[in-house]
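Trainee: the sequence and its predicted three-dimensional model are supplied below.
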Amino acid sequence: MSNMKKSMKRIFWMIALMFFLLMGMMIKLVLFDREEISSSAYNPRLNYIDNSVRRGEIRDINEQVLAQSILNEDGTYTRKYLRSRMAAHITGYSSMSKTGIEASENFELQRAHHEIWQRIKGIVTGEEIQGNHVVLTVDMDVQSVAGNLLGDMKGAIVAIEPSTGRILALQAYPDFDPNKVKDQWERLKEDEDSPLVNRATQGLYPPGSTFKIVTALAGMDYVKNWQDFTYDCTGEATYYNKVIHCYNNKAHGSVDMRQALAVSCNCYFAELSTRIGAINLRKTADALNFNQRYGFSLAYNPSKMVLNENSTESALVETAIGQGQTLVTPLHMAMLAAAVANDGMMMKPYLVDHIEYYNGKISKTTVPEKLRQVMSPEDAQMLKSMMTEVVSSGTGTAAQISGVTVAGKTGTAENATGKDHSWFIGFAPAENPKVAVAVMLENADLGAKATPIAGKVIKSILDKYGN
Amino acid sequence: MFDLIIMLSRFLFAGYIIFFLWQAVVYVAYEQGGYLGNPFTAVSRQKRTLVLLHITAFLILAYIPDTFLFHFDILAVGLAGLLFLLVGMYAVEHFFYEGCPLLWSGMFFLLDVSLIMLQRIQPELAVKQLLWMAIGVGIMLTIPFVLRLVPRFEVFEWVYIILGYGLILSTLLFGKQKFGSVNWLQIGSITFQPSEVVKFLFIFYLASVFRKRIRMKELLITGTLSAGIVLLLVMQKDLGGALIFFMTYMVLLYIATSNEILFLSGMGAASVAAVLAYKLFSHVRVRVSAWKNPWADIDTGGYQIVNSLFAITTWGLLGSGLTKGMPRSIPVVESDFIFAAICEEFGALFGMGVICVFIMIFFRGIRIALDCQRRYYSLIAAGIICMFSFQAFLIIGGVIKLIPLTGVTLPFVSYGGSSVLVSILMLGLVQWICVYCEQHSMQNEEEQHE
């Protein structure tokens, strides 16, 4: 009999353990996974309209109001976007379901601090119950400069503070007017230019020569004596069935990595990649957050780099110069430039600076978060000096700003949609970087159009925030 | 104004369940020799808390916003429910002297939460459920009399297993399909799940066999017969049911034989069977992939689980407040997913409280099984309690994405006539065993004194 009771107790402990697992999972769900799960675009509760609370405002870092709710006569609210298109891809819209900050911060905007107190006060005084305000890291002055520079060119501009990951500006065109999404819904949805897609975070483009930063980094890590490695560029090189050309078939002569990056010599990097190997190049890319999610308030796509052990040499050399199947987002390229600027530490990009309550109290200030050390500080230093040369004497001279050392890399990406895309990624000042940018222009026609625009964006930020 | 009241009621509901559970702690502490308060007061406080919870919830449900009026039909259901609670709680104490009071209050608590939630989600089901609860408690009250008439019901082991097989096979012949499983029978206008009734028979059968010394022969026979039932359930696509029967068998086998090797090899065999099922049946693969990453196919396989997670996480610890959530967005919310609805409107804290009520029922049930000196009854009590607990774990675990979802009901809470009826009867049987053993051990002591 006692034997049976002993076994019984064992079984009971097993079941008790199952109950504790349930409790543990509940705690995990509610305390840790809550934000991520509940702000999913699929949650029907996002569209729950509670007219008893006035939805909070979305503001920029200077407390300029971007979105606010106006009380109608019938007791409902209308959401107004005061800067219309200028911040459309950041705020998102809220009339046909929700996107952007309206979606990711929906529950914060809809939540009223001290709700009970506010409601009691509301009954007595008739005041509205005010939801929490979301204050962004974005500076509308910079955002407007970027927006005006972009004009009606399809593309995207992203500006990040390298040491923290704060997004200072994030522009994409085509865009939309969030005030009119409901009226124009059918047109916006079917428009071939897909204005509702945020090109800065969701657009996947071939990186062109900007990818050479990745190849250069892999070379530093995987090719012995890379500093002594030179290549005699004749403007053209053949790898099996793949012919690699330098831009305009220009022969660069004997170049080392520093010179090759400055003049953007395709043949050098193609040859370098054969010494790196497909697997190693992939490893370097993965370490730089390709093929991975990193967490961001807006809908985004991870960049893709698909080399593997079975890749052919022609796929390898194509990838090394930024063509092939590699696809990147402007946001990720800006993060990459920022990581070089920040001694190899990639910071998690973020858009929400803090939450402000109805009574002006500030809360939930975002603490900058490290994603990971994506390259050694020595490699970062080396890349930085090479990228400085790109702007001082190479392909990126159009990004120069008087009195400031700018570092960067240009890119021209061949693609299936027609004319080449134009890229520039970089940061400044090189000695003590305050800002990193990525500029991408779709089918930009001739030349490196992105480069001067990047220079102007950087200048506007440095002018405002000093050196 | 009403918004404010609902807001405040969220705190009230959380307070109710915390107070309710605390009174259970007070009671247990006294029993263990500590003293946190009078145990009898604690039990009567639990009952009063339950009545208050019931009244608060139904007043909120019945109120018509911006008026001074109430929906009278909802108030009527509320009154009927209140009557059921009061009469039920009074009656059980007089029909089962010395049953465990915490088990009773736990059961009525879960039944009442079920009633409130169903009234909120799908009012027409609440009335039906209340009827089933009343019938269940009514039949349960006759248990002491029936078992006095049939004192040694362990001798009918063959009757139980044959009846059990008969019922399960009958669904294969005349079964109706519902929610993807072919395990429903229709008699007149009532559909019911025979596998619920078979739970009873199965435990009776196993306890009858295991009460004696077990040799290889019995082991093989019970093993084969149990495996047969499990396989039949798998064939009906009732995976949750199959798992519950299997676990009950393993648990009783281990308790009866204390043989670890048997237990572990049984579990090993089950793992192999699980892998086979995964390879063979597409609906198993769908369940597993929906559990591993429900976000991947949110429109089809993952839809239920993702919506359940939305319901649980959106409103946080205190929930949206009764009537303020969107529980109807979860498919089958009245049955398998009722726990998600509870978490949504009463809050995750209340949901954890409901888990604690199950833990309370579990621990009190264990005590009865451990204290009972008659092997047969001890095995029955252990079997029933393990079955309850495992079933609660399966469905709550499935709803919160701890384990892959298997469609079983949450005992006492999910909508379902046969489920609620059988759950009530099972708990009644455990209580009867408790009463029996206490009287019996007293007699033993008296005999020893003489």
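Mentor: Right, received. Where do you want to start?
Trainee: for stretch A:92-102, buried residues please.
Mentor: Neighbour counts over stretch A:92-102 (16 or more other Cβ atoms under 10 Å in any protein chain shown) mark A:92-95, A:97-102 as buried. All C-beta atoms are positioned from the backbone trio N, CA, C, and that covers glycine.
Trainee: how about these in TSV, adding pLDDT, distance to residue A:429 and secondary structure?
Mentor: Converted to TSV, the buried residues of stretch A:92-102 look like this (pLDDT from 0 to 100; distance: Cβ to Cβ, whole Å; DSSP: H, G, I helix; E, B strand; the rest coil):
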residue	pLDDT	distance to residue A:429	secondary structure
A:92	92	33	coil
A:93	91	37	coil
A:94	88	39	coil
A:95	84	43	coil
A:97	82	43	coil
A:98	87	39	coil
A:99	89	36	coil
A:100	91	32	helix
A:101	93	31	helix
A:102	91	36	helix
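Trainee: and which of those residues is nearest to residue A:66?
Mentor: Using Cβ to Cβ, residue A:101 comes nearest to residue A:66 of the buried residues of stretch A:92-102, at 8.7 Å.
Trainee: how close does residue A:377 sit to residue A:284?
Mentor: 16 Å (Cβ to Cβ, to the nearest Å).
Trainee: ok, these two, which is more surrounded?
Mentor: Neighbour totals were compared for residue A:377 and residue A:284, and residue A:284 leads with 23 against 12 (other Cβ atoms under 10 Å in any protein chain shown).
Trainee: which stretches of the stretch 1-150 of chain B form helices?
Mentor: Secondary structure of the stretch 1-150 of chain B by DSSP state H, counting those that start in this stretch: the helices cover B:2-31, B:39-62, B:72-95, B:101-121, B:123-141, B:143-149.
Trainee: what's the most buried one of those helices?
Mentor: Ranked by mean neighbour count under mean count of other Cβ atoms under 10 Å in any protein chain shown, the helices of the stretch 1-150 of chain B are led by helix B:101-121, which reaches a mean of 25.
Trainee: counting contacts, what elements does that helix pack onto?
Mentor: helix B:2-31, helix B:39-62, helix B:72-95, helix B:123-141, helix B:338-346, helix B:348-371, helix B:417-449 (3 or more Cβ pairs under 8 Å, 6 or more residues apart in numbering or on different chains; DSSP states H and E).
Trainee: just the closest of the buried residues of stretch A:92-102 to residue B:404, please.
Mentor: residue A:97 (29.7 Å).
Trainee: OK, contacts around the closest one?
Mentor: Contact partners of residue A:97, counting by Cβ atoms under 8 Å, 6 or more residues apart in numbering or on different chains, are A:41, A:46-47, A:103.
Trainee: now with 6 Å?
Mentor: residue A:47 (Cβ atoms under 6 Å, 6 or more residues apart in numbering or on different chains).
Trainee: got phi/psi on it?
Mentor: Main-chain torsions, residue A:97, degrees, to the nearest 10: phi 50, psi -160.
Trainee: what residue ranges in chain B score low on pLDDT?
Mentor: Residue ranges of chain B with pLDDT under 70: B:175-191, B:442-450.
Trainee: for chain A, what are the nearby residues on it?
Mentor: Residues of chain B lying near chain A by Cβ under 6 Å from any Cβ of the partner chain: B:3-4, B:251, B:254-255, B:258, B:298, B:309-310, B:312-314, B:326, B:329, B:348, B:352, B:355, B:359, B:366, B:370, B:382, B:389, B:393, B:396, B:400, B:402.
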